[in-house]
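Structure, please.
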Amino acid sequence: MRINVYIDGFNLYYGCLKGQPYKWLNLEHLGSFLTKPTRMALASPSPTGPRTVEVIKTEEKGSDVNLATYLLVDAFRDDADAFAVVSNDSDLTEPIRIVCHELGKLVGLLNPQPKPSQRLMQSKPSFAKPIRAGVLRASQFPAVVTDPAGGRITKPTGW
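Got it, this is the predicted structure:
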């Protein structure tokens, strides 16, 4: 059985990797990220102080759109027997619904969050499962990885 897996990297990181020892995960991330300073309003500004503060903001750029696009295109091309989406982002509800119910494909959700999005579950995927710590533990790179040029990359101590 051929299975395509589509990973929402931010959702995976903030849902089950941040603060855990499993960040040395063997995945290929194709998304792009933008980090820039920006001004944001304070939640509770003091009457005499500033109303905004400058912060460093990191965000995905087009990752959920790209994920949905490739999921749909791959399903139309009959590129796999099943499709698995690693996310809990409700923006993916309609693409998952279309692939599963309009195209009749097997589509599963692998949820990195403790609680599934009720809106995303409305897509009625073929299956939905949480990502378990044991699976993350079994999917780690070796402690030292050798790149194609012969360089050695070592797992950071804090990971």
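
all contacts plus neighbour counts: C-alpha atoms, from now on.
OK.

ok now do L17, which residues does it touch?
The neighbours of L17, taking CA atoms under 8 Å, 6 or more residues apart in numbering as the test, are K23.

for the residue lying closest to G9 once chain neighbours are set aside, helix, strand, or coil?
Distances taken as CA to CA, 6 or more residues apart in numbering put H29 closest to G9, at 6.9 Å, once the chain neighbours are dropped. Three-state call for H29 (DSSP: H, G, I helix; E, B strand; the rest coil): coil.

going forward, begin numbering at 355 instead of 1
Fine by me, first position is 355 from now on; the one you just mentioned is H383.

Compute the number of surrounding residues for H383.
Neighbours of H383 under the rule other CA atoms under 10 Å: 11.

got it, and L474?
Neighbourhood size, L474 [other CA under 10 Å]: 20.

which element is it on?
L474 belongs to helix 472-475 when assigned by DSSP states H and E.

CA atoms only for that helix, dumped as PDB, please.
Taking C-alpha atoms only, helix 472-475 is exported to PDB below (Å, rounded to 0.1, in the frame of the first residue of the first chain):
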ATOM      1  CA  GLN A 472     -14.000  19.600  16.200                       C
ATOM      2  CA  ARG A 473     -14.300  21.500  12.900                       C
ATOM      3  CA  LEU A 474     -11.500  19.400  11.300                       C
ATOM      4  CA  MET A 475     -13.300  16.200  12.500                       C
END
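
picking that back up, now the residue nearest to G363: how far from K459?
Per CA to CA, to the nearest Å, H383 is found 24 Å from K459.

Same question for P510.
From P510 across to K459, the span is 40 Å (CA to CA).

The two: who's more crowded?
Between P510 and K459, counted using other CA under 10 Å, K459 has the larger neighbour count: 21 against 10.

I507 versus that one, what's the distance?
Noted for K459: a distance of 39 Å to I507, by CA to CA.

Tell me the pLDDT of the residue lying closest to I450 once chain neighbours are set aside.
The shortest distance from I450 to any non-neighbouring residue, by CA to CA, 6+ apart, is to S477 (6.1 Å). If you check S477, the pLDDT there is 96.

OK, contacts around L426?
Counting by CA under 8 Å, 6+ apart, L426 touches P449, I452, V453.

Am I right that it is in a helix?
Yes: membership of L426 in a helix is supported by three-state DSSP.

For the helix holding L474, what is the distance to the chain centroid?
Relative to its chain's centre, helix 472-475 lies at 16 Å (CA atoms, centre = their mean, to the nearest Å).
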